[in-house]
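In: quick one, what's the 3D model for this:
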Amino acid sequence: MAEIAKVGVIGAGLMGNGIAHVSALAGLPVVLMDVQQAALDKAMATMSGNMDRQVKKAIITAEDKAAALARIATTTTNDAFADCDIVIEAATENEELKKKIYAGLLPKLKADAILASNTSSIPITRLAAATDRPARFIGMHFFNPVPMMQLVEIIRGLATDDATAAAVEALARKLGKTPVAAGDWPGFVVNRVLCPMLNEAIQALMEGVGDVTAIDEGMKLGANHPMGPLQLADFVGLDTLLSVMKVLHEGLGDPKYRPSPLLAKYVEAGWLGRKSGKGFYDYATNPPTPTR
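Out: A predicted model of the protein is given here:
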């Protein structure tokens, strides 16, 4: 494949609509798929609103916005992926769900199409083994919010061929991103370093080392972090953080990666962070207030 000319995206949530957003603005036709029409409608509204902010900041023009939105086709089935050069799966961080998605998707893809996963932690070799194209399977990990964050981790599985890696790296650059190669180990580069820090901040909160304000202000003022670790955990999504920590703990076998019991308790309560309206902060107030 000389160049990726059409992009498919599975999952219309936070990451999926962000990937569709940057792909369409880069001039590529996009097929955005979700099993729920309501999720697709919400995604289109979100992209429109986000592009409006880019217009106000003179990052793009109103004409750019209109053209980009016109390039995005939405669907609730896999049939529309038939002529896509790459399909990027951006489903929930659940290995069995991803494999189930691949089983329904693969018969619809052309033979030379690339399948990429936006997984933030699950080993690519293991996911690739569940497909009919391990040589054309790769990790393409974007960061939230996708339109703003420059990094894309490119993760080759054991069987990923050079042509696939080159095509995906070129796509990342076309989207205005900076690709970095990450090894196929649980968590890759960023989450291998970042998520244990967030988990440790939650453990410190549970043990009474400091309250939410003390921990977040301490790291902002003492380590020059732009955002405190508990605020960042809320932004990432506590369910996503828990999933990553479980992958690290199970995949590496080191007790230092054990998810904090407080993190698990918040997820059980449905306190998932910003997306649910409550986590370590209550987002019903302005500004958000700590919940403990």
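In: for Ala73, give me phi and psi.
Out: The phi/psi pair for Ala73 (degrees, to the nearest 10) reads phi -110, psi 140.
In: list the contacts of it.
Out: When contacts are counted by C-beta atoms under 8 Å, 6 or more residues apart in numbering, Ala73 touches Pro29, Val30, Val31, Leu32, Ala80. Every C-beta, even on glycine, is put in place using the N, C-alpha and C of the backbone.
In: those residues in strands, which ones?
Out: Val30, Val31, Leu32 (DSSP state E).
In: surely Ala5 meets Leu28?
Out: Yes: in this structure Ala5 lies within contact range of Leu28 using C-beta atoms under 8 Å: 7.0 Å.
In: so for those two, which residue has more residues nearby?
Out: Taking neighbours as other C-beta atoms under 10 Å, Ala5 and Leu28 compare with Leu28 leading, 21 against 13.
In: which residue packs closest to that one, ignoring adjacent ones?
Out: In this structure, Leu28 finds its nearest non-sequential neighbour in Val7, 5.2 Å apart by C-beta to C-beta, 6 or more residues apart in numbering.
In: how about stretch 66-73: buried residues?
Out: Within stretch 66-73, the residues that count as buried by 16 or more other C-beta atoms under 10 Å are Ala68, Leu69, Arg71, Ile72.
In: reformat those residues as JSON lines; add distance to Ala233 and secondary structure.
Out: Formatted as JSON lines, the entries for these read as follows, by distance: C-beta to C-beta, whole Å; DSSP: H, G, I helix; E, B strand; the rest coil:
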{"residue": "Ala68", "distance to Ala233": "31", "secondary structure": "helix"}
{"residue": "Leu69", "distance to Ala233": "32", "secondary structure": "helix"}
{"residue": "Arg71", "distance to Ala233": "34", "secondary structure": "coil"}
{"residue": "Ile72", "distance to Ala233": "31", "secondary structure": "strand"}
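In: picking that back up, top of the ones in strands among the contacts of Ala73 by neighbour count?
Out: For these, counting by other C-beta under 10 Å, the largest number of neighbours falls to Leu32: 28 neighbours.
In: pretty sure it contacts Ala20?
Out: Yes: when contacts are counted by C-beta under 8 Å, Leu32 is listed as touching Ala20 (4.7 Å).
In: what do those two both touch?
Out: Common neighbours of Leu32 and Ala20, using C-beta under 8 Å, 6+ apart, are Val9, Ala12, Ala43, Ile72.
In: which one of the residues you listed has the most neighbours?
Out: Val9 (30 neighbours).
In: what helices or strands is the host helix or strand of that one leaning on?
Out: Using DSSP states H and E, Val9 falls within strand 7-10. Here strand 7-10 is seen to pack against helix 14-25, strand 30-33, strand 86-89 when contacts are counted using 3 or more C-beta pairs under 8 Å, 6 or more residues apart in numbering; DSSP states H and E.
In: circling back: so can I have CSV of the contacts of Ala73 showing distance to Glu200 and pLDDT?
Out: As requested, the contacts of Ala73 are exported to CSV (distance: C-beta to C-beta, whole Å; pLDDT from 0 to 100):
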residue, distance to Glu200, pLDDT
Pro29, 44, 98
Val30, 38, 98
Val31, 40, 98
Leu32, 36, 98
Ala80, 44, 97
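In: which one of those residues is nearest to Ser121?
Out: Within the contacts of Ala73, the smallest distance to Ser121 is 23.5 Å, found for Leu32 (C-beta to C-beta).
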